[in-house]
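> have a look at this fold, sequence not included:
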Ligand SMILES: Nc1ncnc2c1ncn2[C@@H]1O[C@H](COP(=O)(O)OP(=O)(O)OP(=O)(O)O)[C@@H](O)[C@H]1O
C-alpha cells in the first residue's frame, strides 16, 4: 500500500473532463461494459483513488478496467505502468470530481450520509454498491448506510458533456474542495490568464489566455476602447484589467523554472499624464520590475509587454506575482507563465504528468545508448506538443464547462430564489387562504343569518303585499273620495273664506264695539259722576327681596281690573277697579288710560287726579316720576300742550300753573320765590268766589307756554316741597302736594270761553302712627296728615251715602278739593299699594278706601264756561239787536228806492217791447225778399235763440 500511495502522489490528479472527448471514441470501440470495482479493508477509498477514471482507449485486450479486481491486486504502481504503457498505445487516465454540481446520485442517494464515501470501511469492504449519474449535480453523497458497491455509471456523463462514454466506466468519488486545485495542478504546466476577466478566454499570438481566477484582492476594470493599432490579433486581452494592490498565486504549477510575461496597457488614465501610475512587480516576493509607468512607456490604450521575467517554483508553493503601487494603483491586463525548458529540473518535472520520469529515461538511455535518447527525445517533444495541444483543447472545453456550470449554478440559485419566493408566496397564499377560509366561514354564518332574515323579510313582504293590495283598494276608494273631498274642500274653503271675512268683520265690529262700549261706559260714568279708581302696585324693593318678602297680591285678572289679596298663600279678598297696574306696568302704560282726562280739561271740565296710599307705595313715583321716567303730572301737561297745538286753529288756550302744599294743615305756595327752607312761608287761605267756585287768593299762577316752562315750574315746586324722613320710608313726603293747572280756552269759531282747572294731587302717606313710631314734630306731621286723610274719608263717605251735608271744610285738603270732589269735575284716584305681605294690613285698608271712593256717584260733570265772557256776549247781542233795528230802517228806505226804480224799469220794458216788435216786422219783410240761413242756439236757461244770416244782391253775408 505504501507503494501505491507514493505512486499516487505522483500521478496527475485531474484531467480536464474534455479529455474524455479524445479518448471516448476509442473507449467506445472497446468493451462497453468496462468497469472497476474498488475495495479495501485497510485504507479509505479516497486516499487510494483520487478522482481516477481509467479508460482503455484503443486496446482490444482485457484490461484491468474490465475486470472486477481488488485494489490489492492492482497496485498503483501497476496502474501507473499500465497507464504509461497504454498512454503510448493510446490509453488515457481521466479524473474529475464527483462533487461537481453536474453529478447526482441516482441510486441509493437518499440513504447516503454526507461524508461516508470518503473513508467508510463498509464501502471498501464491498458490502454495498452505489450507482451515480452525472446529471445536474451531486448533493454530498453519504454511502454509510448503503449496502451496494460504489459504482458510477457514465451513461449520464455524456449527457452532460454531450459526449459518449462507456456506461460501465467508473471512477472514485472525491471531496468537493479539492477540485479546482487538482484540476490546475495536474494538468497545467504553465498558465496564461486574461486579467480582469473571469468568464472569457482570449487567444493572442497563438497563446490562450484563460479566465482570471487566481488573484488575491484588487478590482476589475474594463474598457470598450480599441487597444493599440489592432495589428497584433485579438487585443481584447487589453480591454480588461486587474487594478489595485493585488497579487496572483498560481498554485497548480509544478516545481521548476518559468518565464513570466506581463501584458500591460493604460486603460484607466487614458489622458495621462505620465507619473500618475507607477508600480513595482514582485515575483516570488522578489522585485523584478521597478517603477513601471505604462503611460510613460507607450501612452494610453497601447499594449506593453514586459517579458522574460524569470521565476522558480519549488515544491507546492506555487508562483506568487505581486503588484505594488509606488504612485497610484498598479494595473495588469494579462499574465503569461510558461515553463522554461532550458532548465533540467523543469524538463524533468514536465515529463511527470505524462508518466515519463527522468529516472526511467535515464535507465532507458543506459540500455539503448545515446542515439536512441536523441530519437526518443524528439518523439517526446512531439508528444509533448501534441499533449499541449490537447491540453489547450481540454482547457477550452473545461472553461466552457465552467461557464455552463456557472450558468447552471446561477440558474439553480435563481430557481432556488424563485422557489423560496414561491414558498413565501405559497405561505402567504396559505395564510391568505386561511384567512379567506375564516372569512368564508364568517360569510357562511352571515349568509345563514341573511337567509333567516330574508325568510322573515319575505314573509313580511307577503304581508306587506297583502296590505299593499288592501291599501291600494283603499287608496282607490280614497281617490274616488278625493274628488268629492275636493268639492267639499272648495266648499269648505269658500265657507272658510266667508267665515274669515265674517270673523274679520266681527273683529272690526268687536273692536269698534269695545271702543264704543268703553266710550259709553265712560259716558255712563260721566253721567253718573263716578270717581274712577286706578290701582297701582309697586314692585318689591331689592331690600324686601333680600329679606325674603313674599308677594301678597295676585294679578291674574288684572286685565279685567281685578286683583286678589293673598294671605298665607290663599286668596283673601278680591277688589275691582277701573284699571289695575301690576309691578311690571310702566309710566307710559299708566298714562295711556289717564290721557283722556287731559282732553277733558281742554274741553272745559275740572279734573282732579290724586294719588292715595301707604307711605312708600309709589304715589310720588306715579304723579311726579323721575327725570328719566316722568309721571302723570308731566305727561298730562305734555298732552295738554300737544292738544293745544293740534287745536290752535280752532281754539286759543291760556295755561297757568300753581304749585302748593298742605303741610300741617296749612297751605303753602311752592312757587313763591322767597320760600326758602326754614323760612316761614306766606299763609294762604281758601276763599269762595261764587257758587261752587273756590280759590286761593295770592297763590302764584305761573303762566306757561311750553313744556320747558312747565318743567321749570314743576321742578321749582318739587324742590320747595317739604320732605321728611320716617322709619317707614326714608324720603317720605310729609305733605300733600297739589299742582293746579288753570286753563282758559276760547273757541275761535263761536267765541265760547271756558275756564277749567286740573288738580294733580300727591297725597301724603297714609300709614298708621303706631307702625311708624314717630315722635315730636314728626308725630304732629303724621297726625295732621291722618286728620286730613280721615277728613277726605269722611267726605268720601258722605258723598257715597249722598249725605245732605258733605264735610269739606274739616280739613284744608278737602276744602281745597271741594270743587273737584263736589260733583262738578271728573276725578281719578290712584290707589297705590305695596306687594309686600308685611304691608298686607295697610294694603287692605287702602284698597277698601279706594273701593268706597269708586262707589261714589257725583252726578254728571259740568263744563266750566267763563261768565264774564258770557256777559260780554250778551252785551254784544244787545248791541247787535240795535244795529239790526237801524239796519232794518235802512233796508226799508232801500226797498222804497228799489220800488221806485222798479216802476222806471217797467216803463223801459214797455218801450223796449215796442221796439222789438218793430224789428221783428222789419225782419219778416226782409226775410220774405232775401235769401237767408238761420241757426238756433240753446241758451243755458233752455231758451232758443235764432240767428239769421241774410244775403244781399251782391251775395255777401249780413
Ligand atoms: N311702580 C314703581 N316702579 C318702580 N319703583 C317704584 C314704583 N313705585 C314706587 N317706586 C319706588 O318706591 C320708592 C317710594 O316711592 P314714592 O316715594 O313714590 O312713594 P310715596 O308713596 O310717594 O311715599 P311717601 O308717602 O312717603 O311720599 C321710590 O324709590 C320709588 O322709586
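Alright, I've got the coordinates. Since the model is a prediction, treat every value here as computed from it, not as a measurement. Residues are numbered from 1 along each chain as shown.

> can you check the pLDDT for residue 401?
If you check residue 401, the pLDDT there is 91.

> ok, residue 448 next?
On the pLDDT scale, residue 448 gets 91.

> so it lies in a strand, does it not?
No. Assessed with DSSP: H, G, I helix; E, B strand; the rest coil, residue 448 is helix; it does not lie in a strand.

> what's it in contact with, if anything?
Residues near residue 448 by Cβ atoms under 8 Å, 6 or more residues apart in numbering: none. In this view, the C-beta of every residue, glycine as well, is placed from N, C-alpha and C.

> for it, give its distance to the ligand.
To the ligand, residue 448 is 79 Å away according to Cβ to the nearest ligand atom, to the nearest Å.

> look up how far residue 436 lies from that residue.
In this view, residue 448 and residue 436 are 18 Å apart by Cβ to Cβ, to the nearest Å.

> equivalent analysis for residue 837, please.
84 Å.

> okay, helices next: where are they in the stretch 451-600 of the chain?
Ranges of helices in the stretch 451-600 of the chain, per DSSP state H, counting those that start in this stretch, are 542-546, 587-592, 595-602.

> err, the stretch 201-350 of the chain, not the other one
294-298, 344-351.

> returning to what we had before: quick one, which of residue 837 and residue 436 is more surrounded?
residue 837 (19 against 12; other Cβ atoms under 10 Å).

> hang on, isn't the more buried one packed against residue 548?
No. With contact defined as Cβ atoms under 8 Å, residue 837 does not count as touching residue 548 (10.3 Å).

> just give the closest residue to residue 550, not the sequence neighbours.
Using Cβ to Cβ, 6 or more residues apart in numbering and skipping the chain neighbours, the partner closest in space to residue 550 is residue 837 (4.9 Å).

> state the distance from the one you found to residue 574.
Distance of residue 837 to residue 574, computed by Cβ to Cβ: 17 Å.

> one more: residue 319?
Distance from residue 319 to residue 574, by Cβ to Cβ: 140 Å.

> so the two - more neighbours on which side?
The residue with more neighbours, out of residue 319 and residue 574, is residue 319; 24 against 12, by other Cβ under 10 Å.

> is that one bridged to anything, and to what?
Beta-bridge partners for residue 319, by DSSP bridges, are residue 250.

> which residues does it contact?
Neighbours of residue 319 in contact, by Cβ under 8 Å, 6+ apart: 248-250, 253, 258, 260, 283-284, 311, 313, 337.

> of those residues, select the buried ones using a ChimeraX command.
Selection of the buried residues among those in ChimeraX, burial being defined by 16 or more other Cβ atoms under 10 Å:
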select :248,250,253,258,260,283,284,311,313,337
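
> from the contacts of residue 319, which has minimum pLDDT?
Least confident of the contacts of residue 319 in the model: residue 253, at 83.

> give me phi/psi at it?
phi -80, psi 140 (degrees, to the nearest 10).

> same check on residue 541?
Per degrees, to the nearest 10, the backbone of residue 541 is at phi -80, psi 160.

> how about the residues of the stretch 801-950 of the chain near the ligand?
Counting by Cβ under 6 Å from any ligand atom, the residues of the stretch 801-950 of the chain lying close to the ligand are residue 832.

> all helices in the stretch 801-950 of the chain, in order from the N-terminus.
With helices called from DSSP H, counting those that start in this stretch, the stretch 801-950 of the chain shows them at 812-816, 818-819, 840-854, 867-929.

> pick the most buried one from the ones you listed.
The highest mean neighbour count among these, using mean count of other Cβ atoms under 10 Å, belongs to helix 812-816: a mean of 24.

> what does the stretch 401-550 of the chain have sitting close to the ligand?
538-539.

> in the stretch 401-550 of the chain, where is pLDDT below threshold?
Low-confidence segments of the stretch 401-550 of the chain (pLDDT under 70): 514, 517-518, 521-530.

> again, but for the stretch 851-958 of the chain
858-874, 926-958.

> what is the mean pLDDT for stretch 800-817?
85.

> and the contacts of that stretch?
By Cβ under 8 Å, 6+ apart, the residues outside stretch 800-817 that reach it are 608, 610, 662, 665-667, 686, 694, 696, 736, 738, 759, 761, 763, 787-789, 791-792, 794-795, 797-799, 818, 821-822, 852-853, 855-857.

> now it: buried residues?
Within stretch 800-817, the residues scored as buried using 16+ other Cβ under 10 Å are 806, 808, 810-817.

> closest to residue 499 among those?
residue 817 (53.6 Å; Cβ to Cβ).

> show me where the stretch 401-550 of the chain has its strands.
Counting by DSSP state E, counting those that start in this stretch, one finds strands in the stretch 401-550 of the chain at the ranges 532-537.

> residue of it nearest the ligand, please.
residue 538 (3.4 Å; Cβ to the nearest ligand atom).

> what is the burial count for that residue?
21.

> that one reaches residue 617, doesn't it?
Yes. Contact criterion Cβ under 8 Å: residue 538 and residue 617 qualify, at 5.8 Å.

> weakest of the helices of the stretch 201-350 of the chain by average pLDDT?
In terms of average pLDDT, helix 344-351 trails the rest of those, at a mean of 39.

> out of the helices of the stretch 451-600 of the chain, indicate the one that is most buried.
Greatest average neighbour count among the helices of the stretch 451-600 of the chain goes to helix 595-602 (a mean of 20), per mean count of other Cβ under 10 Å.

> elements contacting whichever helix or strand comes after that helix?
Counting by DSSP states H and E, the next helix or strand C-terminal to helix 595-602 is strand 606-613. With contacts taken as 3 or more Cβ pairs under 8 Å, 6 or more residues apart in numbering; DSSP states H and E, strand 606-613 sits against helix 595-602, helix 619-623, strand 753-762, strand 825-833, helix 840-854.

> if anything else comes up later, I'll come back, but that's it for now.
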